Every structure is written in C-alpha cells, then in structure tokens.
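[1] I would like the atomic coordinates for the input below:
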Amino acid sequence: MSINALLSIKDNLSHAYLLWGYGPQEGKIGIIQEFLLTLEPAPFVDSLIIFPVEGTTGIDAVREAQRFIWQMPVRSARKTIIVADAATLTPQAQDAFLKIVEEPPEHGLVLFVARDPAFLSPALQSRFQKLYVSSSLDAALPEDAVAEADEFLDASASLRKEIMKQILERDEIAVSLFATAVMASLDRDPQKNWRVLKEMSYRLMLMGRHTTNRKLQWEAISSYL
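    Predicted structure coming up:
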C-alpha cells in the first residue's frame, strides 16, 4: 500500500484506519502526512500526532486526543489524530481510545500506525479498517543477506531447519539482518504473503524478550511458509 492506494479511498473515507506492516514506523507516518496534504493543503491540516513516552502511550495521551478531536475545526474540515506507534498503547489507553472510535465526531479521523494489528485488543482492532503498508526494505540490504533469505524461503522444510540452526549460531545483529531480509523477500508479494508477514512480525516481537526461545519462534514462522 502506498500514497496512491490511500488516494483511491479519499472520497469515501471511514473514520478510523490502521496502517500496519513491518517497515519503519516513520515511513507509515510519512505516507499519512502526505495523504492528509492531498485532502487539505498546508497550513489547513489540523492534526495531532501522539508519540510514545518512555516506551508507552498512556491514558493522558488519550485524554489529550479526546479533547482535541471533540473541538470543532476552525480552518480545516476535520480533526485528525495520528497514533505513531499503536502497539505502545497501554490496556487502559486502548479502552479509552475505544470510546473515541466507537462514537467519533463527524469531523474526526483517527489513524493508527503499528507493525501488527495483533498488538491491539480485538475490540479496538474491529473498529479500524486495516491497510497493509509495504516496507520496501530490500533496497538497503546487502546482496548476500537477500540471497540467503531467498535460499531459506525456497528450501524444503528439512533444509530450512538446517539453515535456521546455522543462522541462530550467529550474533544478534546477524540474526536481525537475516530476519529483515526474509521480511523484505516476503514483502515483494504482500497480498500472497500477508499471513506469514503478520505472523513473523508477531514472532519477532516475542523474540525481543529475553525469556523467549528463538528457535521455537522460528519454527513457528517456518510452519506458515
């Protein structure tokens, strides 16, 4: 999904969208800002961007968003809230946001950015239309990393286990590079691979925890290939 895909829905906007995908959050926010400028040129865009504070987005940020969106726009046709990393919303903040998107003001537009919708509660997820954002990560990856990722994806299940065993013996940076290369390869055809992209985003999040068995998480990813 790109700015052109968003433009195709601009005349029939819903009140809440979740832009998700493994690529950098900044890229998704950039797409959103570019899109908003096609609706109303600067300086008329009336938007509030909420960034996490110390790794979380709490109830205070949602209260600020609530005050903002219920104020009538002065120069703009709408008030837009952008949550820069929806995965950092605390459970209390998610519950509070649910009240906003259940009954938004007519002029309200809420845009969430996340790597994976699974980070949100099912109730909150259900209020958003979900748009997958292609990451285009492979442009910045070394050729040997891309080739290794392609070899892994093309391999049989048994050979894939052997490749994975060798990968996991490397340091954290090398394993992370390999994971990024695999995501980039899958991302060349996001419509076909969206399920494994979604699962891999979730498993990589789990791997960021020290208590998680990385081997078991990669085996779970492989089962989707």
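[2] Counting neighbours, what do you get for residue 176?
    14 (other CB atoms under 10 Å). (Each C-beta comes from the backbone N, C-alpha and C, glycine too.)
[3] In which helix or strand does it reside?
    helix 172-186 (DSSP states H and E).
[4] Kindly spell out which helices and strands sit in contact with that helix.
    helix 143-154, helix 157-168, helix 190-207 (3 or more CB pairs under 8 Å, 6 or more residues apart in numbering; DSSP states H and E).
[5] could the ones you listed go into JSON lines alongside mean neighbour count?
    Output for the helices and strands packed on helix 172-186, formatted as JSON lines (neighbours: other CB atoms under 10 Å):
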{"stretch": "helix 143-154", "mean neighbour count": "16"}
{"stretch": "helix 157-168", "mean neighbour count": "14"}
{"stretch": "helix 190-207", "mean neighbour count": "17"}
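[6] Output these in CSV; the columns should cover mean pLDDT and distance to residue 74.
    Formatted as CSV, those follow (pLDDT from 0 to 100; distance: least, CB to CB, whole Å):
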stretch, mean pLDDT, distance to residue 74
helix 143-154, 87, 49
helix 157-168, 88, 55
helix 190-207, 75, 39
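[7] what about dumping the CA coordinates of the lengthiest strand in the chain to PDB?
    When the chain is scanned for its longest strand (criterion: DSSP state E), the result is strand 108-114. The C-alpha coordinates for strand 108-114 follow below in PDB (Å, rounded to 0.1, in the frame of the first residue of the first chain):
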ATOM      1  CA  GLY A 108     -13.000  13.200  13.300                       C
ATOM      2  CA  LEU A 109     -10.400  10.900  11.700                       C
ATOM      3  CA  VAL A 110      -8.200   8.500  13.700                       C
ATOM      4  CA  LEU A 111      -5.100   6.900  12.100                       C
ATOM      5  CA  PHE A 112      -3.200   4.200  14.000                       C
ATOM      6  CA  VAL A 113       0.300   3.100  12.900                       C
ATOM      7  CA  ALA A 114       1.600  -0.300  14.000                       C
END
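[8] Show me what the helix or strand following it is packed against.
    The helix or strand immediately downstream of strand 108-114 is helix 122-125, counting by DSSP H and E. If contacts are counted by 3+ CB pairs under 8 Å, 6+ apart, helix 122-125 sits against helix 91-102.
[9] tilt between the helix it packs on and strand 108-114?
    If you take axes from the mean of the first three to the mean of the last three CA atoms, to 10 degrees, helix 91-102 sits at 140 degrees to strand 108-114.
[10] Which positions in helix 91-102 come out as buried?
    Residues of helix 91-102 classed as buried by neighbour count (16 or more other CB atoms under 10 Å): 93, 94, 96, 97, 98, 100, 101.
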